[in-house]
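Generate coordinates for the sequence data below:
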Amino acid sequence: MPLLEVKDLSIGFHMPGRDVQVVNKVNFSLEQGETMAIVGESGSGKTQTAFSLIGLLAKNGYASGSVLFEGQEILGLPEAKLNKVRAEKIAMIFQDPMTSLNPYIRVGEQLVEVLILHKGMNKAAAQAEAIRMLDAVKLPDARNIFTRYPHECSGGMRQRIMIALATFFQPQLILADEPTTALDVVVQKEILLLLMELQEEMGNTIILVSHDMGVHYQVTHRMLIMYAAKAVEYGDSESVFTEPLHPYTRLLISSLPTIGDDRARHGIPGRPPSLWGELHGCRFADRCPLATDTCRAQEPPLVEHQPGHFAACHYAGADLPTARVQ
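Residues are numbered from 1 along each chain as shown. Below is the predicted model of the structure:
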């Protein structure tokens, strides 16, 4: 039985005058110890997918479908029961740690409060455990950082503090929403390696939300590519990155800079469709070099074209015009 199984997950928001659907019938599953990247442009629905798994949608948000965690349905779980799952089994690492850490309270006090509240430790034991965890995420001079305010720490340090918070209770599932976006490339690599080391030690499952598949494909087992609220490609990371089937995935990869390759790289022209209006056919059709009248009229289903490798495209695997990928 998979640790996490998501079936026909749809997410929408009540807006003035109408509802807007931001995720449309997404499916995936993860075994214990696997890592998956959810990749897509801003507005593709990747972050809301992660948020919905632990009930963190905005007040005007709603979700349907099924999210089975350890065989238990957790989508729509009462808040009290969901809090217990969030505290003990599923943790979240947010994109900007400054929005999660209280700027008026020292780092150590915030960690100690969590341990006292959820583990019932006394203050002395909680302080010792907090310092141990800060040391475990490879923060230099953990005792000194324990006494600092968040603004006195660098971006990389703050993200390590958030990782310490997320792994306090050795959760089975960690959701990381763009955990390296605001960091330089050297610190990005350090944070990803830290997550992988902790995963190897704890055996947990990780979902990485990202817009940069080039950063994450080497450290993940699976990839889910999203575009305009839909899953357009899904499979093991090696296959998705080296043998992409969907034109959107291929154009994403072709736009990545490569060491030793000085050819000009171009972003994908155009922009994703507005989710406010009625959408017909393939949502990528207006930006796709392979699009035909069939694409504009008929929405392609997510189909298994190769074992374990799915794509939603009428022309999956077809060659793209050379001019579009240089």
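
List the buried residues in the host helix or strand of residue 5.
Using DSSP states H and E, residue 5 sits within strand 4-15. Buried residues in strand 4-15, counted by 16 or more other Cβ atoms under 10 Å: 4, 5, 6, 9, 10, 11, 12, 13. Placement of C-beta: from N, CA and C, glycine included.

Now do the buried residues in the helix or strand just after it.
Downstream of strand 4-15, the next assigned helix or strand under DSSP H and E is strand 18-30. Within strand 18-30, the residues that count as buried by 16+ other Cβ under 10 Å are 21, 22, 23, 24, 25, 26, 27, 28, 30.

in its sheet, what does strand 18-30 sit against?
Strand 18-30 has its sheet partners listed here by DSSP bridges as strand 4-15 (antiparallel).

Can you give the contact residues for the strand it pairs with?
19-30, 45, 48-49, 52-53, 57-58, 60-69, 75, 173, 205 (Cβ atoms under 8 Å, 6 or more residues apart in numbering).

Apply 7 Å and report the result again.
When contacts are defined by Cβ atoms under 7 Å, 6 or more residues apart in numbering, strand 4-15 is touched by residues 19-30, 48-49, 52, 57-58, 60-69, 173, 205.

Distance check, residue 246 against residue 85.
33 Å (Cβ to Cβ, to the nearest Å).

Let me know the secondary structure of residue 198.
Following DSSP: H, G, I helix; E, B strand; the rest coil, we place residue 198 in the helix state.

Which pLDDT value belongs to it?
Listed pLDDT for residue 198 reads 89.

Geometric centre of the protein: which residue is closest?
residue 209 (1.8 Å; Cα atoms, centre = their mean).

these two touch, right, it and residue 48?
No: using Cβ atoms under 7 Å, residue 209 is not in contact with residue 48; the gap is 9.7 Å.

Can you tell me the strand partners of the strand or helix carrying residue 233 and which way each runs?
Here residue 233 sits within strand 230-236, counting by DSSP H and E. Counting by DSSP bridges, the strands paired with strand 230-236 are strand 222-227 (antiparallel), strand 309-311 (antiparallel).

Those strands into a markdown table, with extra columns for mean neighbour count?
Shown next, in a markdown table, are these (neighbours: other Cβ atoms under 10 Å):
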| stretch | mean neighbour count |
| --- | --- |
| strand 222-227 | 26 |
| strand 309-311 | 23 |
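
Next, format these as TSV and append distance to residue 320 and mean pLDDT.
Shown next, in TSV, are the strands paired with strand 230-236 (distance: least, Cβ to Cβ, whole Å; pLDDT from 0 to 100):
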stretch	distance to residue 320	mean pLDDT
strand 222-227	16	96
strand 309-311	14	97
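
domain assignment for this protein?
The record's domain parsing of the chain by automatic domain parsing lists 4-89+173-324, 92-170.

quick one, what contacts residue 127?
108, 112 are the contacts of residue 127 under Cβ under 7 Å, 6+ apart.

and it, that one's in a helix?
Yes: under three-state DSSP, residue 127 falls within a helix.

what's around residue 297, how many residues?
If you count neighbours by other Cβ atoms under 10 Å, residue 297 ends up with 11.

Disregarding residues adjacent in the polypeptide, which is nearest to it?
residue 281 (5.2 Å; Cβ to Cβ, 6 or more residues apart in numbering).

cool, residue 160 as well?
residue 137 (4.4 Å).

Please consider this matter closed, and thank you.
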